[in-house]
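In: okay, here's the prediction I keep looking at, along with the sequence it came from:
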Amino acid sequence: MAVATCAWPLGTGDTAPACSVPSLEGGRSVSLADYRGRVVYLDFWASWCGPCRESFPFMNELDRDFRDKGLAIVAVSVDKTAEDARRFVERYPARFALAIDVAARCPAAYDLPGMPTSYLIDRSGRLRVVHGGFRPGDKAEIRRQIVEALARP
């Protein structure tokens, strides 16, 4: 797998870097290439991240409301061990794709600024929005951005 590194933070309109990491459940890898043609909400999280405890129920809502309309949610843990990530998911279950990147290749490709950070990627693989952190007050705006991305071919 080739992973591009960035000399500057990614922004709106940039091509989303390729990313393929092991599924948290084991088995096959989770690859962004598998979601080409769908809108992707790519979230980087960690078991020690306080705001991630609030973002997981919200991402479950997004998955419920928009999966059938073309949204895919991929959440990549940056924990050092899969056990830490699995313990988190036991407390905060997820209905969406979960992966883990202990080697931190994907966070490096995205020049991850902090935890959590989410990227809304359009159907053509371009970044539409970068969300730093998670605040409950951002939910309506995130939903609006997703609806807008889903409305575009």
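Out: That came through, no problem. Because the structure is a prediction, the values reported are computed rather than measured.

In: so where do the strands sit in the protein?
Out: Taking DSSP state E as the criterion, the chain carries its strands at 20-22, 29-31, 39-45, 71-77, 97-100, 117-121, 127-132.

In: quick one: low-confidence parts of this protein?
Out: For the chain, applying pLDDT under 70 flags the ranges 1-9.

In: now with 50, please.
Out: Along the chain, segments meeting pLDDT under 50 span 1-8.

In: tell me where it has helices.
Out: Here the chain has its helices, by DSSP state H, at 50-66, 82-91, 105-109, 139-151.

In: tabulate these in CSV, adding columns for distance to Cys19.
Out: Using the backbone N, CA and C atoms, a C-beta is placed for each residue, glycine as well. Output for the helices of the chain, formatted as CSV (distance: least, Cβ to Cβ, whole Å):
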stretch, distance to Cys19
helix 50-66, 17
helix 82-91, 16
helix 105-109, 4
helix 139-151, 18
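
In: between the ones you listed, which gets nearest to Ala72?
Out: Nearest to Ala72, of all the helices of the chain, is helix 50-66, at 8.7 Å by Cβ to Cβ.

In: in that closest one, what counts as buried?
Out: Residues of helix 50-66 classed as buried by neighbour count (16 or more other Cβ atoms under 10 Å): 52, 55-56, 58-60, 62-63, 66.

In: out of the strands of the chain, nearest to Ala108?
Out: Proximity to Ala108 (Cβ to Cβ) singles out strand 39-45 among these, at 11.0 Å.

In: what helices or strands is the closest one leaning on?
Out: Contacts defined by 3 or more Cβ pairs under 8 Å, 6 or more residues apart in numbering; DSSP states H and E place strand 39-45 against helix 50-66, strand 71-77, strand 117-121, helix 139-151.
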